[in-house]
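Engineer: Kindly return the folded structure for what I paste below:
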Amino acid sequence: MREFTRELKKVVIKVGSSSITHDHGVINLQKIDELAWELSNLKNHGIDVILVSSGAIAAGAKRLNLEERPRDTVGKQAASAVGQVALMNTYNRAFNEYNYQAAQILVTKHIETDMTMRENSKNTLCQLLSMDVIPIVNENDTISTFEIEFGDNDTLSAVVSRIIDADLLILLSDIDGLYNDDPNKNKDAHLIKEVNEINDELRAMAKGSNSAVGTGGMATKINAATLCMEKDIDVVIANSEDMKIIRKIVGGEEVGTIFKKKSN
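Structural biologist: Coordinates of the predicted model:
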């Protein structure tokens, strides 16, 4: 069984677009409901949770009957504006089934550097948690001037974790964790269960593949883990195919890859 650096009282969960939408962009109602059940159950056990959710652009593109996801920034921003409404309505209905209220928090990259925005974000998030509300955070794509640069919300989830001093960040997407090589190309590639230090070799490994199943998209997750480890916040990267993995992670089962500093 895994041991975490801290007792788990505040957990941030990030879900990627592929975790909550079908391949063609329609919101996956079953996955949303399963996610809401898992997070509500954590709340029932006295653990505060914040959800960082992607999926607005994909959902909006589908609602707008676009043939494909927009490639230009303004197209993505427009699709996000439509998709956020659909996504939040779906989340709110799901959480209401388990007697919890959801709240939407839209932020920009400025919360990293602007102390006033950072403090306001922290105060709002902490107040919502004290009221037993489940905050759902996303980047404010409609006004962001950073061209949706958070890296599929990986960095955003790390920033949020640091702001509220979370105990654990769970990054869920369509990958099992960090591999030592691309498993699609190397049948001997194996999952790395624990990382205690992020060095140049590890960063190079993360950039070495574009495979969604192996280490594709891993570079932004490594960056997110780096930000969290600086503040002694553990990070677990795991596959969202089955949302029950959330209870397994919190329960200390050795699934996915954990990033944590070695205890002194």
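Engineer: so where do the helices sit in the stretch 101-250 of the chain?
Structural biologist: 115-130, 154-164, 200-206, 218-229, 245-250 (DSSP state H, counting those that start in this stretch).
Engineer: Which one, of these, ends up nearest to residue 30?
Structural biologist: helix 245-250 (15.2 Å; CB to CB). (C-beta placed from N, C-alpha, C; glycine too.)
Engineer: How about residues contacting that closest one?
Structural biologist: Contacts with helix 245-250, where a contact means CB atoms under 8 Å, 6 or more residues apart in numbering, come from 8, 11, 13, 35, 38-39, 41-42, 47, 168, 170, 172, 236, 238-239, 255-256.
Engineer: What score does residue 175 have for pLDDT?
Structural biologist: Note on residue 175: pLDDT of 85.
Engineer: and it, how many neighbours?
Structural biologist: 27 (other CB atoms under 10 Å).
Engineer: chain center to the lowest-mean-pLDDT helix or strand in the chain: distance?
Structural biologist: For the chain, using mean pLDDT, DSSP states H and E, the weakest element among its helices and strands is helix 200-206, scoring a mean of 81. Helix 200-206 sits 21 Å away from the centroid of its parent chain (CA atoms, centre = their mean, to the nearest Å).
Engineer: got it, and stretch 252-264?
Structural biologist: 17 Å.
Engineer: In the stretch 51-200 of the chain, where is pLDDT below threshold?
Structural biologist: 141-152 (pLDDT under 70).
Engineer: cutoff 80 now
Structural biologist: 108-110, 140-152, 181-185 (pLDDT under 80).
Engineer: which residues of it fall in strands?
Structural biologist: 102-107, 134-139, 168-173, 194-195 (DSSP state E, counting those that start in this stretch).
Engineer: Show me which residues of the first one are buried.
Structural biologist: What it means is strand 102-107. Residues of strand 102-107 classed as buried: 102-103, 105-107 (neighbour count, 16 or more other CB atoms under 10 Å).
Engineer: Residue 188: which of the residues you listed is nearest?
Structural biologist: Distances from residue 188 to the buried residues of strand 102-107, taken by CB to CB, are shortest for residue 107, at 41.9 Å.
Engineer: Bridge partners for the closest one, pull those for me.
Structural biologist: residue 139 (DSSP bridges).
Engineer: any idea how far residue 235 is from residue 182?
Structural biologist: 21 Å (CB to CB, to the nearest Å).
Engineer: Pick out whichever of those two has more residues nearby.
Structural biologist: Taking other CB under 10 Å, residue 182 and residue 235 do not tie; residue 235 has more neighbours (29 against 17).
Engineer: contacting residues for that one?
Structural biologist: Taking CB under 8 Å, 6+ apart, we find residue 235 in contact with 158, 168-171, 224-225, 228-229, 258-260.
Engineer: Relative to residue 51, which of the residues you listed is nearest.
Structural biologist: Nearest member of these to residue 51, counting by CB to CB, is residue 170, at 10.1 Å.
Engineer: ok, for the closest one, nearest residue in space, not its chain neighbours?
Structural biologist: Of all residues not flanking residue 170 in the chain, residue 13 sits nearest, at 4.7 Å (CB to CB, 6 or more residues apart in numbering).
Engineer: Can you read off the backbone torsions of the one you found?
Structural biologist: phi -120, psi 130 (degrees, to the nearest 10).
Engineer: what sits opposite it in the beta ladder?
Structural biologist: Bridge pairing for residue 13 - DSSP bridges - gives residue 51, residue 170.
Engineer: residues near it, how many?
Structural biologist: Residue 13: 26 neighbours (other CB under 10 Å).
Engineer: I'd say residue 191 and residue 257 touch.
Structural biologist: Yes. Residue 191 is within contact range of residue 257, at 6.7 Å (criterion: CB atoms under 8 Å).
Engineer: I am finished for the moment; much appreciated.
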